[in-house]
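> Return atomic coordinates for the entry below.
(chains A, B, C and D)
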There are 4 protein chains.
Amino acid sequence: MIVQLKKSPDEKQLQALLDWLKSMSLDVHISKGTNYTVLGLIGDTSAIDMELIQVLDIVESVKRIQEPFKSCNRKFHPDNTVILLGDKPLGGGEFQIIAGPCSVETEAQILEVAAAVKAAGAAALRGGAFKPRSSPYSFQGLREEGIRLLLQAKKASGLPVVTEIMDISQLPLFDEVDVIQVGARNMQNFELLKALGKVKKPILLKRGLSSTAEEFLMSAEYIMANGNEEVILCERGIRTFETQTRNTLDLSIVPVLKKLSHLPVIIDPSHATGYAELVPSMSLAAAAAGADGLIVEVHNNPSCALCDGIQSLNPETFARLAPQVKQVSALVRQGGLL
Amino acid sequence: MIVQLKKSPDEKQLQALLDWLKSMSLDVHISKGTNYTVLGLIGDTSAIDMELIQVLDIVESVKRIQEPFKSCNRKFHPDNTVILLGDKPLGGGEFQIIAGPCSVETEAQILEVAAAVKAAGAAALRGGAFKPRSSPYSFQGLREEGIRLLLQAKKASGLPVVTEIMDISQLPLFDEVDVIQVGARNMQNFELLKALGKVKKPILLKRGLSSTAEEFLMSAEYIMANGNEEVILCERGIRTFETQTRNTLDLSIVPVLKKLSHLPVIIDPSHATGYAELVPSMSLAAAAAGADGLIVEVHNNPSCALCDGIQSLNPETFARLAPQVKQVSALVRQGGLL
Amino acid sequence: MIVQLKKSPDEKQLQALLDWLKSMSLDVHISKGTNYTVLGLIGDTSAIDMELIQVLDIVESVKRIQEPFKSCNRKFHPDNTVILLGDKPLGGGEFQIIAGPCSVETEAQILEVAAAVKAAGAAALRGGAFKPRSSPYSFQGLREEGIRLLLQAKKASGLPVVTEIMDISQLPLFDEVDVIQVGARNMQNFELLKALGKVKKPILLKRGLSSTAEEFLMSAEYIMANGNEEVILCERGIRTFETQTRNTLDLSIVPVLKKLSHLPVIIDPSHATGYAELVPSMSLAAAAAGADGLIVEVHNNPSCALCDGIQSLNPETFARLAPQVKQVSALVRQGGLL
Amino acid sequence: MIVQLKKSPDEKQLQALLDWLKSMSLDVHISKGTNYTVLGLIGDTSAIDMELIQVLDIVESVKRIQEPFKSCNRKFHPDNTVILLGDKPLGGGEFQIIAGPCSVETEAQILEVAAAVKAAGAAALRGGAFKPRSSPYSFQGLREEGIRLLLQAKKASGLPVVTEIMDISQLPLFDEVDVIQVGARNMQNFELLKALGKVKKPILLKRGLSSTAEEFLMSAEYIMANGNEEVILCERGIRTFETQTRNTLDLSIVPVLKKLSHLPVIIDPSHATGYAELVPSMSLAAAAAGADGLIVEVHNNPSCALCDGIQSLNPETFARLAPQVKQVSALVRQGGLL
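Reported below is the predicted structural model:
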């Protein structure tokens, strides 16, 4: 950590700061210039609250050099974390696809989609039971009943299931759920993250709409620091000025996260783009960028025209897309440049 | 709502759509052009899920004309909502200031700040007990003990108190709290919003870091649709590319919200800017923009140099600022242009 | 175009508007609802200035349905535009790479890089002579001398050359340049775009840092409306809040532009990410997303440590990357889903 | 400047870097830690190109401590720069308003508006002759004829005039123009900025749509470094995700620019918000934030309903607003907190 002091800092205050830093087991190197004095803090600064220093009268600015995250940091854990989706390893070099409808709607729907995505090679089934909707007047999901139907589809298809939690109080309903999803709007719901740190199953953590890569990793750190090391990072588009897509998919976060962290990284092209017609190209691009997998919306949609899905693929398109995506992933991994 | 159809829509699908719209008690006007057919939906469309229509094969795009919010909509409730902070009316023309430390730290601190801000004319005392921090290693607030100390300060000063809730499970601790704050990161924690809709006290709702005005009002609508009509809207800066300020204060949302809604609007210049030196100008600007009040950080901070506050005012500056802000507010209200 | 009127519009003003619209050869369909009256304008509205209508007292809002661009619109020109880089077709299904240093520095440098990128399969050589730098104290490029050296490399390597223009007055120097580049900061330098519309060579137009897809296409339209139909669209990253990358590469604009327009689309992964280590993954992802090509920075850099390039690839990495990118492009085109 | 080296840097490369830094007349302090070595560069680093250092193999990151701008830096020029608009001082404590139509349309229009804004206390007349429009099919301004009419209005009213330049080649037409405006889209048209650095009249420089405060000041620096020290900084809204306003007015840049620079700062509430109804509140807020003045659109608009201005005030509203804004400015200046 680099602390830049104001011109002619008060000597007493400076000494107090130096003493406090030493009490935190840090070494301090002092560089005095004509206009500025700079302190270089050496040691483990991840537990230091930058704001506590920044507020001091004698301090001009504070800059971190070490990343503020530890458990998810690749520097302290060079090997990739591999998380099992049933018997399929995520993060270990093989590309995995989680697929299914945005919302669980009926028994027939979820059973049919589960069978279809399994046949196309999906590693897990997704389906929303608790739905975060910006309007209180929109469909809020089948809730408990949705989880029941999803577990039925799990039993029928043999696929592990992924579904979203919206509040700590819903946790008892997730006992047989395989992977618990935290939505983008809850990425900094810190009480929920702490509670999920005490759960013994993988957490699929979505990046917030305007969260930096560092904030994203800090939210993973909340879960890990509370004891659960199985976190899957999921980019699902960020908010920008562009209106042709629902959000802007930030694929460059894949190599950034892979460099900073050992956790698996997957992409949600459905929420990122908001349009089914953009999903194939972004799925292929995600694989080429080095992602470990996808979570993608697939809907059967045969009779009911008014139920879901401007951003959902139909099962036929998904069946064509899935093997292509895996081929691209294999090709770039062989290339050895990622 | 305007539904633009694709060229040569399938007649059967079109008829199905028209029948469904009629079943929702909507009138439909059809305009046929050379390249496009457009449906104009007349009636109450606020309960219509745009996505359900957008997904149809025959539909090119859907645009809303009516706002999707009702309870907070000024069109259906032309008069300003006035919410009492103790005996001080917020939203009724008089400018109100909520002030206090970012975090409750000690009994001495909160009692001293409470006395200081009361003397300077604050209408309520703020102080964080549960603190949302991006790092699990940062100070998380005094939690239950913090609320106890805050209530002690309430008793001593006579000021009503405002403090943040982070999870539904904390609600029982808020019995004697006067105003419950929902932080920016929880603006779309819909389960929490629903629970607060059943509470009988004002909710101070902060705008999310990248939430549009419409999404902000929809979150207020979640609270109101569940029965609690006392919502205070608070702008606290949005996330942009600018790095000289912690966030970018969007003051133009004040007249926008005032036009769209009857709810009171206040500004948090402390979190918006992140620097105490920028707080006076943004406080004065907020009053000039027509805001109903401020929530501002004030810290006594005499002996303890390492506790808080790069963005907090000291009590002396606050005592000078408060009357100036009220003067500006009175001046622009007399001007009659807002 | 859809014009929504205010409640109870003044009849005389409404008639004046209707008369004016008819004088513009538009048919108007009127839908009257309880709260709103909506006008649907039928005909060619691309020449209508939306703001002229929006300003009227009786108008609540105006929404466009037809795109405001014509020459670059795929609806009026369904086939892909193919632009020749020397004898290599860009936009015709074969993936093309433009490569070279950020700045032309010395004769040795540009000749060596030209030979290297040609050997690796590049279709054209890039190299900056006029350099837009945010500081007046930074290196501004070799300017005229830079163009001279670049043309020397063109002669030696046989590669067509691409370089940036910064002002109309520099145009006479670009006589032997094969493709003229317009930088992101000049995307809305409309006088320059008009002048380039009168030039008979391809223009490589970079997307502005915060330009929407529609604005980007409107800038292409400026060039095309003035007579030059050879425009290459280049995404080079947009400005967001993320700080781990210099900009945020928006790959979803590839399928968006491909759908809206017939012009070729290429990606600049070097400026988008700002770091050489992120360039391979984003290059591969660009190909997988369906882009027609890349423009990428390559620098030889053997002896001179202080000359350029945190975002430049070295020739060895480029030689490994180029064939992989083409393989991915071929694979996804065979897949038939883009 | 702080240079953080990678772990175990190559000794030869480190020595080469140290030698080069010394050749640039910089002192270097070295702090060695367990994991990192940090170099502190002491001296004038404003001419150092950060990227030249960042690219080195041995370097992990480079951070600037000194601002990269000099001529506009308040540290080297503590007193406010005062620029005369005719005989009215801008930047000297008195609040000044520049007003007039978006575009010069007819002789009658510009003469009438000039008289009206003068009567209401404006210090200068604005009016666009060259209009940057995103569509080539939109009205591009009266161009030369527009300047002629504007100069006629100058003569008739006695007001100095402000109008926008779009290309260096137009400069000869600006001989009798008092203040030359550079639009937001040209803020980084560096060749134009250099040319304006050689002109002997004030330049009104608008902030780019997604430009940081630092980039904004660097563009001012381009003009000043070329010899013209009379630069007026103008905030006119930045691009964000919010759609209720055309842009998002960033008023916090006022105190930020005032702290970093000695140049006068004005606000354009018309382009920032895009709606006349939002202009009064944002004008008052600008004054309260400590701005030195406004540039605001006023249009007479009596007979012609279809000519301009969803964002223009009518002369009556302007006449009421102007004195109120000045009153607010005077009030906050007396307050002594800005």
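> where in chain A is pLDDT low?
Scanning chain A for pLDDT under 70 picks out the ranges A:33-35, A:47, A:302-309.
> can you pull the contacts of the closest residue to residue A:184 other than its chain neighbours?
For residue A:184, ignoring the flanking residues on the chain, the nearest one in space by C-beta to C-beta, 6 or more residues apart in numbering or on different chains is residue A:206 at 4.5 Å. Where C-beta positions appear, they are placed from N, C-alpha and C, glycine not excepted. Residue A:206 makes contact with A:181-184, A:187, A:234, A:236, A:268, according to C-beta atoms under 8 Å, 6 or more residues apart in numbering or on different chains.
> Dump those to JSON lines, plus neighbour count and secondary structure.
Converted to JSON lines, the contacts of residue A:206 look like this (neighbours: other C-beta atoms under 10 Å in any protein chain shown; DSSP: H, G, I helix; E, B strand; the rest coil):
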{"residue": "A:181", "neighbour count": "25", "secondary structure": "strand"}
{"residue": "A:182", "neighbour count": "24", "secondary structure": "strand"}
{"residue": "A:183", "neighbour count": "24", "secondary structure": "coil"}
{"residue": "A:184", "neighbour count": "24", "secondary structure": "helix"}
{"residue": "A:187", "neighbour count": "25", "secondary structure": "coil"}
{"residue": "A:234", "neighbour count": "26", "secondary structure": "strand"}
{"residue": "A:236", "neighbour count": "23", "secondary structure": "coil"}
{"residue": "A:268", "neighbour count": "29", "secondary structure": "coil"}
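> now, which of the residues you listed sits nearest residue A:132?
Closest approach between the contacts of residue A:206 and residue A:132, by C-beta to C-beta: residue A:183, at 5.4 Å.
> What segments of the stretch 201-338 of chain A are helices?
A:213-225, A:253-260, A:269-273, A:279-288, A:315-335 (DSSP state H, counting those that start in this stretch).
> quick one, the last one and helix A:279-288 angle?
Right, helix A:315-335. For helix A:315-335 against helix A:279-288, the angle by axes from the mean of the first three to the mean of the last three C-alpha atoms, to 10 degrees is 20 degrees.
> Can you pull out the residues in contact with helix A:315-335?
Contacts for helix A:315-335 (C-beta under 8 Å, 6+ apart): A:93, A:95, A:97, A:99, A:113, A:116-117, A:119-122, A:276, A:279-280, A:283-284, A:286-288, A:290-291, A:294, A:296, A:298, A:300, A:313, A:338, C:281, C:284, C:288, C:320, C:324, C:327-328, C:331-332, C:335-337.
> Stretch A:64-72 too?
Here stretch A:64-72 makes contact (C-beta under 8 Å, 6+ apart) with A:1-2, A:44-46, A:50, A:73, A:75-77, A:214, A:217-218, A:220-221, A:224-225, A:229, A:231, A:260-263, B:135, B:137, D:4, D:35-36, D:38, D:60-61.
> quick one on the thing from earlier: which stretch among the helices of the stretch 201-338 of chain A comes nearest residue B:86?
Comparing these by C-beta to C-beta, helix A:213-225 comes nearest, at 36.5 Å.
> Is there proximity between the helix or strand containing residue A:60 and chain B?
Following DSSP states H and E, one finds residue A:60 within strand A:59-63. No. Using C-beta under 8 Å from any C-beta of the partner chain, we find that strand A:59-63 stays clear of chain B, coming within 9.0 Å at best.
> likewise stretch A:129-139?
Yes. Counting by C-beta under 8 Å from any C-beta, chain B is contacted by stretch A:129-139 at A:132-139.
> and if you look at stretch A:7-23?
Yes. Against chain B, stretch A:7-23 shows contacts by C-beta under 8 Å from any C-beta at A:13, A:16, A:20.
> A strand includes the second one, no?
Yep, that's residue A:16 we're talking about. No. Counting by DSSP: H, G, I helix; E, B strand; the rest coil, residue A:16 is not found in a strand; it is helix.
> Show me what from the stretch 51-200 of chain A comes close to chain D.
A:61, A:63, A:65-66.
> buried set for the strand holding residue A:60?
A:59-62 (16 or more other C-beta atoms under 10 Å in any protein chain shown).
> now those as JSON lines including distance to residue B:30?
Shown next, in JSON lines, are the buried residues of strand A:59-63 (distance: C-beta to C-beta, whole Å):
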{"residue": "A:59", "distance to residue B:30": "67"}
{"residue": "A:60", "distance to residue B:30": "66"}
{"residue": "A:61", "distance to residue B:30": "62"}
{"residue": "A:62", "distance to residue B:30": "63"}
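> wait, which of those is closest to residue D:83?
residue A:60 (30.3 Å).
> Assess the claim that the closest one and residue A:37 are in contact.
No. Contact criterion C-beta atoms under 8 Å: residue A:60 and residue A:37 do not qualify, at 9.4 Å.
> Residues that sit against both of the two, list them.
A:4-5.
> Can you pull the domain assignment for chain A?
A:2-63, A:83-335 (automatic domain parsing).
> and the helix or strand harbouring residue A:31, what does it pack onto?
Here residue A:31 sits within strand A:27-32, counting by DSSP H and E. Judged by 3 or more C-beta pairs under 8 Å, 6 or more residues apart in numbering or on different chains; DSSP states H and E, strand A:27-32 is in contact with helix A:11-23, strand A:37-42, strand D:27-32, strand D:37-42.
> May I have the strands that pair with the second one, each with its orientation?
Pointing back at strand A:37-42 there. Next to strand A:37-42 in the sheet, as set by DSSP bridges, lie strand A:2-5 (antiparallel), strand A:27-32 (antiparallel).
> Quick one, which of those gets closest to residue C:247.
strand A:2-5 (25.4 Å).
> The strand holding residue A:31 vs helix A:11-23, what angle?
Going by the same axes, to 10 degrees, strand A:27-32 makes 150 degrees with helix A:11-23.
> Give me the buried stretch members for strand A:27-32, please.
So for strand A:27-32, counting by 16+ other C-beta under 10 Å, buried means A:28-29, A:31.
> Which member of these is positioned nearest residue D:54?
Out of the buried residues of strand A:27-32, the member with the shortest distance to residue D:54 (by C-beta to C-beta) is residue A:31, at 19.9 Å.
> was I right about the closest one contacting residue A:40?
Yes. In this structure, residue A:31 is within contact of residue A:40 by C-beta under 8 Å, at 7.1 Å.
> what residues are shared contacts of these two?
Counting by C-beta under 8 Å, 6+ apart, the common neighbours of residue A:31 and residue A:40 are D:31, D:40.
> if you skip the residues just before and after it, what's nearest to residue A:325?
Using C-beta to C-beta, 6+ apart, the nearest residue to residue A:325 is residue A:287, at 4.7 Å.
> wait, doesn't that neighbour sit right on residue A:95?
Yes. Between residue A:287 and residue A:95 there is a contact under C-beta under 8 Å: 6.0 Å.
> rewinding a little: mind listing what the strand holding residue A:60 pairs with, with the direction of each?
Strand A:59-63 is paired, per DSSP bridges, with strand A:2-5 (antiparallel).
> what does the partner strand rub up against?
Contacts for strand A:2-5 (C-beta under 8 Å, 6+ apart): A:14, A:17, A:36-41, A:53, A:58-65, D:2, D:38, D:63, D:65.
> Can you point out the buried residues in it?
Under 16+ other C-beta under 10 Å, the buried positions of strand A:2-5 are A:2-5.
> Including distance to residue D:106, could the residues you listed go into TSV?
What follows is the buried residues of strand A:2-5, written out as TSV (distance: C-beta to C-beta, whole Å):
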residue	distance to residue D:106
A:2	60
A:3	62
A:4	57
A:5	61
